[in-house]
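Q: build me a structure from this.
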Amino acid sequence: GVQMYIPSCSSRTLVYKGLMAGTRLADFYLDLRDEACESRIAVFHQRYSTNTMPDWRLAQPFRMLAHNGEINTVTGNRAWMRAREAELEPELRGSIWPEGSDSASLDNALELLVQRGWEVSEALMSLVPDAWEGRGDIAAAVRDFYRYQSIRFEPWDGPAALAFSDGIVVGAALDRNGLRPLRWQRTREGLVAAASEAGVVTMAPEDVVERGRLGPGQMLLVDTRDGSLLRDADAKERAAGRHDYALLADRVLVPVERHHVDLEPLENLPAHHALHGWGLEDVKFVVDVMAESGAEPVWSMGDDIPIAALGRTPRRVYGYLRQRFAQVTNPAIDPLREKAVMSLRTLLGARHLTLEPEGGADRELLRRHHPAVPTDGKLLELESPVLGAAELARVLEEAVVLDATYAPDESLRDALLRLCREAEAATGVIALSDRRSAWHRLPVPMALAVGAVHSHLLATGKRMATDIVAITGDAVDVHDVACLITIGATAVHPYLAFATVGDEAAPRYRKALEAGLLKVMAKMGISCVTSYRGAEVLEALGLGAEVMELCFPAVPSRIGGADLDDIERLARARPEAMPDHGRVRFRKAGEHHAYNPHAVKMAQKAAQTGDADAYREWRRLSSMGDPQSLRELMRIKECTQPVPVDEVEPASDIVKRFVSTAMSLGALSPEAHEALAIAMNQVGARSNSGEGGEDPDMYEDFNGVRRDNRVKQVASARFGVTPRYLKRADELEIKIAQGSKPGEGGQLPGLKVTSLIARLRHAQPGMQLISPPPHHDIYSIEDLAQLIHDLKTVNPRARIGVKLVSEAGVGTIAAGVAKAKADYILLSGHDGGTGASPLSSIKNAGAPWELGLAEAQQVLVANRLRERVTLRTDGGLRNGRDIVIAALLGAEEFGFGTGVLVALGCDMARQCHLNTCPTGIATQNEELRAKFEGRPEHVVNYLFLIAEEVREHLAKLGARTLDEIVGRVELLEQDERSKLDLSYVLATTDVTVARRRQWERNGESPTAAPPAGEIDNSQRTTGANLLRGERRRYRGSAGQSFGAFLDEDVELMLEGQAQ
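A: Numbers count the residues shown, from 1 in each chain. Okay, here's the model as predicted:
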């Protein structure tokens, strides 16, 4: 069909937009050059595409706003707006453009409300509210306004700097976290300018009478009718003063207090556990730990078992669903340090008339009418979506309970369709309960039940008239509860888990669930659980089209997999005794571990001796012949004219492409950290410092061999990041996410923070160190580009890389990173190692590197960006075949973490987080460190064995160098025995476009610092490349990163403004 976008049909505003630089806009729209074209209002926005591909229709500004940021909850917001539209006339439905960007959808929602009669600033306050819960520093009337409007709308949550106008009022606003900058100033003549940085609009300093910057959740308004400038408090109090919102909210909301009620006992708990798919590890390592500590369990060494679709032990449905997370284009947020903006407050009940304007459509009658109350009943106001026994009892007083179990003569599919029909016929609160489950009556997997009912109610226009509570026995940990809520449940009661921990420990278990839920939300940059509900911020790995269409229609599932019959068959085959699945630690009869004890011993033998036969046996033991990963479902096509192995590039050249992955001094002992660096430097490969900095003593060579890491990481806490550290690097890697816990910061237990570690990290000995999830100077792709520019300025010879983690959509992010002028992009898989991470993150976040690498390669080639950057991948790489497949999918460089530690002697005790590593590798305990026996040559042997296997594969492919096969995905085919569909991974790219790096560097080296005198905001990172003792004095508005990474004894003086 015709692709068309109407910028504006308004009689008050004109919208000019297009895919062009802002300086060219008047060349295209000639009326902007006409001196007769005048306006009291101008909104301008220029940026490059980040989470969507470039499109004229998506250029900004939109019809009512310009938005710098990302709406992390847009999937759910769109679904809930569609649900609300059921109350509108049919011809008015579909106001949210489904193919639009997140910014376009927010504009659609704002436009709909204004067209319905809302005042533009009140509508925006309702859609993008300030953090008001529990705050005493905002006016009571404003807090009541937000409390009342929360009945109508969930927040459109995410980093946002907004400029908006209806042609009469123009304003600027920030999201509740304040994750975008907005500065403003006013002149004597009454000109008000607001922009993302100082100096955008040139104003003579003597004319400026007022300057300011918006804080989190704040707003600035100009009303052209009377020329008034309304600051945050004035603007919000004007909106809040139109009605008695406290009275209106109190008429509807019924607070539900928490109090102790004895849990209903369950007989024969182990039988219930087995029936719902629990294993012994779920009790011992998850539920019991949460009940005792009030926190999630922490584990180490990553996830070396197959994904659910390939495992030999059956998983519950939650095991097929992976948590999504924010990276680069939208940041994760910190649920600990930013607790004030986080909220689990939950409203439960039916709603209607949520789009109706306050006082009716006639705004002149506004002050004589009460608002249209968005419900004719009561809403329960809960502290959290995790229901205890007391809250559940209150909920069930008015709920309709639907039986989420099925008998032998009913299929799982039939049960789901029955639940959908029954839910459609009900109104108010619907409780989906599997309490009737028994061996003769199986429980419907609650994720499927909630997903099917939620989706069906949305499709039939009944979702706002109902609400969903899940009463379930199959929810074990934080991930399970988070899945149910983001799938569409308003509240969850995990009765079997509560029964398992008992009355006394139940509050601690719930505390752990709630803290973990906040962390899962924060990974995606979401502050409020009401925004997380129904947002479906998940990715499916191994679920087929039937399941996705019925239960999770908005969740990406790129490789297909199990259908409802498969899920039912596994449920019917569950043993009556609770099994030990061995997914957390190795068990002979449990799930396969790539690093099982026999495989580890053989890998160490191969590393210590360089024996090829031992290496081949290690390879066999690590997979045991069954596919353990997506790459093991692929076949490498052998050519008809192979070349002799001795004509293939030598192993000594291949190993130069290898990198040991980021492992900090702190996570590793000093001895292991140094041995790894020496090994990689000996063969011309690279080691990565990790995020803990380095001991400057390591900058002195040992017997002519470099001892420090050629790759130095810049992570969110900036531990050990000094000018000397940066200037020493051959590569500087910006860590955005980590495979074992994407969306979270690094974690170093206090037991491992010795005096040395504390000195290097500028911390206190014994203090647990947790890095923030985001870099606090990276809240957008533009911010990342700025940091890349900073690092290139301070060290012009270093290659700059960005570490991402595989997930759906990472290709678009990779394109943004390439545009930001990174030299390499690292795509990490979910199965990377870790020194300490929450167990639920290790098992349930991120995706295989095969998916992320393939997507990044495809998007970069399609946008002719591939030639600018190198692609690197890591996460579970173990052998030469893995390297060749990664190269065919687009990688030029390859990282090893767990494998090189095993080569140094790691026996996979998985005690890194306890500081009790028995081989002295992952401990700071001096007695244990004395047991370290690893030697650099062990790592060298291991890498050369891998490189020799790579040579064998290259010979069979008829290739003499790795470069010849990079991106040659057509040389791969799928093993047809698998039910999974790898066509997405194996999609070919345009062979006429470069499929590997061609540029030496991505972008020019930054210019030197400007001489003393006048400076403007186009001059960035001033001072970073000055030498010790230099002095500079400036006047004006300095650009971004003024004074960043200054060397010792450098002095900058500025008369004016700095960003």
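Q: now do the helix or strand harbouring Gly895: distance to the chain's middle.
A: Using DSSP states H and E, Gly895 sits in strand 893-896. Centroid separation between strand 893-896 and its chain, computed with C-alpha atoms, centre = their mean, to the nearest Å, is 23 Å.
Q: packing partners of that strand?
A: Applying 3 or more C-beta pairs under 8 Å, 6 or more residues apart in numbering; DSSP states H and E, we find strand 893-896 packed against strand 658-660, strand 824-828, strand 870-874, helix 880-889. In this view, the C-beta of every residue, glycine as well, is placed from N, C-alpha and C.
Q: let's see that with 6 Å instead.
A: strand 658-660 (3 or more C-beta pairs under 6 Å, 6 or more residues apart in numbering; DSSP states H and E).
Q: now the strand it packs on: average pLDDT?
A: Mean pLDDT, strand 658-660: 98.
Q: change the start of the numbering to 266 and stick with it
A: All right, first residue 266 from here; so that's strand 923-925.
Q: can you name the residues in contact with that strand?
A: Outside strand 923-925, the residues that touch it by C-beta atoms under 6 Å, 6 or more residues apart in numbering are Leu941, Met945, Ala950, Arg951, Ser952, Phe1159, Gly1160, Phe1161, Val1165, Leu1208.
Q: ok, so of those residues, who is nearest Leu806?
A: Closest approach between those and Leu806, by C-beta to C-beta: Gly1160, at 21.6 Å.
Q: distance check, that closest one against Leu1153.
A: For Gly1160, the distance to Leu1153 (C-beta to C-beta, to the nearest Å) stands at 17 Å.
Q: what about the helices in the stretch 716-865 of the chain?
A: 743-752, 760-788, 794-797, 810-816, 829-837, 862-874 (DSSP state H, counting those that start in this stretch).
Q: which of these sits closest to Glu1115?
A: Here helix 810-816 is closest among the helices of the stretch 716-865 of the chain (C-beta to C-beta), at 19.9 Å.
Q: what lies in contact with the closest one?
A: Leu713, Gly716, Ala717, Ser822, Asp828, Leu829.
Q: residues of it that come out buried?
A: Neighbour-count burial for helix 810-816 flags Val812, Met813, Leu815, Cys816 (criterion: 16 or more other C-beta atoms under 10 Å).
Q: looking only at pLDDT, what's the mean for it?
A: pLDDT averaged over helix 810-816 gives 98.
Q: ok, Trp321 touching Leu284?
A: Yes - contact criterion C-beta atoms under 6 Å: Trp321 and Leu284 qualify, at 5.4 Å.
Q: correct me, but Glu856 touches Arg850?
A: No - when contacts are counted by C-beta under 6 Å, Glu856 is not listed as touching Arg850 (10.0 Å).
Q: who's more crowded, these two?
A: Neighbour totals were compared for Glu856 and Arg850, and Glu856 leads with 20 against 15 (other C-beta atoms under 10 Å).
Q: need the contact list for the more buried one.
A: Contacts of Glu856 by C-beta under 6 Å, 6+ apart are Ile570, Gly576, Thr578, His846, Gly847, Arg848.
Q: again with Ile1107
A: Counting by C-beta under 6 Å, 6+ apart, Ile1107 makes contact with Trp564, Asp568, Ser1005.
Q: out of the helices of the stretch 716-865 of the chain, flag the one nearest Ala690.
A: helix 810-816 (18.5 Å).
Q: I'd like the distance from that closest one to the chain centre, please.
A: Centroid displacement of helix 810-816 relative to its chain, using C-alpha atoms, centre = their mean, is 24 Å.
Q: same check, this time on stretch 736-753
A: 19 Å.
Q: what's next to it, contact-wise?
A: 541-542, 547, 551, 561, 581, 583, 586, 650, 696, 698-699, 711-712, 715-716, 719, 735, 757-759, 761, 778, 781-782, 785, 797-802, 1105, 1109.
Q: export stretch 586-606 as CSV, just CAs?
A: Coordinates of each C-alpha in stretch 586-606 appear next as CSV, following Å, rounded to 0.1, in the frame of the first residue of the first chain:
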residue,chain,number,x,y,z
LEU,A,586,11.2,-16.9,27.9
ARG,A,587,14.2,-14.6,28.2
GLN,A,588,14.3,-11.2,29.9
ARG,A,589,14.9,-8.2,27.7
PHE,A,590,17.1,-5.4,28.7
ALA,A,591,18.1,-1.9,27.8
GLN,A,592,21.4,-1.1,26.2
VAL,A,593,22.8,2.1,24.6
THR,A,594,19.7,3.6,22.9
ASN,A,595,17.9,3.4,26.2
PRO,A,596,19.7,2.8,29.5
ALA,A,597,18.9,0.4,32.3
ILE,A,598,18.3,2.2,35.5
ASP,A,599,19.6,1.6,39.1
PRO,A,600,16.9,0.2,41.4
LEU,A,601,19.1,0.7,44.4
ARG,A,602,20.4,4.2,43.9
GLU,A,603,17.3,5.4,42.1
LYS,A,604,14.8,3.8,44.5
ALA,A,605,12.8,7.0,44.8
VAL,A,606,11.5,6.7,41.3
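Q: rounded mean pLDDT for that stretch, please.
A: pLDDT averaged over stretch 586-606 gives 91.
Q: list the buried residues for it?
A: Within stretch 586-606, judged by 16+ other C-beta under 10 Å, the buried ones are 586-600, 603, 606.
Q: and if you look at stretch 493-500?
A: So for stretch 493-500, counting by 16+ other C-beta under 10 Å, buried means Leu495, Asp497, Ala500.
Q: closest one to Ser1270 out of those, please.
A: Within the buried residues of stretch 493-500, the smallest distance to Ser1270 is 42.3 Å, found for Asp497 (C-beta to C-beta).
Q: so how far is Arg850 from the residue nearest to that closest one when sequence neighbours are not counted?
A: Of all residues not flanking Asp497 in the chain, Gln483 sits nearest, at 4.2 Å (C-beta to C-beta, 6 or more residues apart in numbering). In this view, Gln483 and Arg850 are 50 Å apart by C-beta to C-beta.
Q: stretch 282-299: end-to-end distance?
A: Across stretch 282-299, the terminal residues are separated by 17 Å (C-alpha to C-alpha, to the nearest Å).
Q: now swap in stretch 543-555 and tell me
A: Using C-alpha to C-alpha, first and last residues of stretch 543-555 are 16 Å apart.
Q: from the chain's centre, how far out does stretch 882-890 sit?
A: For stretch 882-890, the distance to the chain centre is 33 Å (C-alpha atoms, centre = their mean).
Q: what residues of it count as buried?
A: Glu882, Trp883, Arg884, Leu886, Ser887, Ser888.
Q: just name the closest of those to Asp1055, please.
A: After measuring these against Asp1055 - C-beta to C-beta - the closest member comes out as Ser887, at 41.3 Å.
Q: now the helix or strand hosting the closest one: mean pLDDT?
A: Ser887 belongs to helix 877-888 when elements are defined using DSSP H and E. Helix 877-888 comes out with an average pLDDT of 96.
Q: and the next helix or strand past that helix?
A: strand 899-901.
Q: and that following strand, how far out from the chain middle?
A: On C-alpha atoms, centre = their mean, the centre of strand 899-901 falls 31 Å from the chain's centre.
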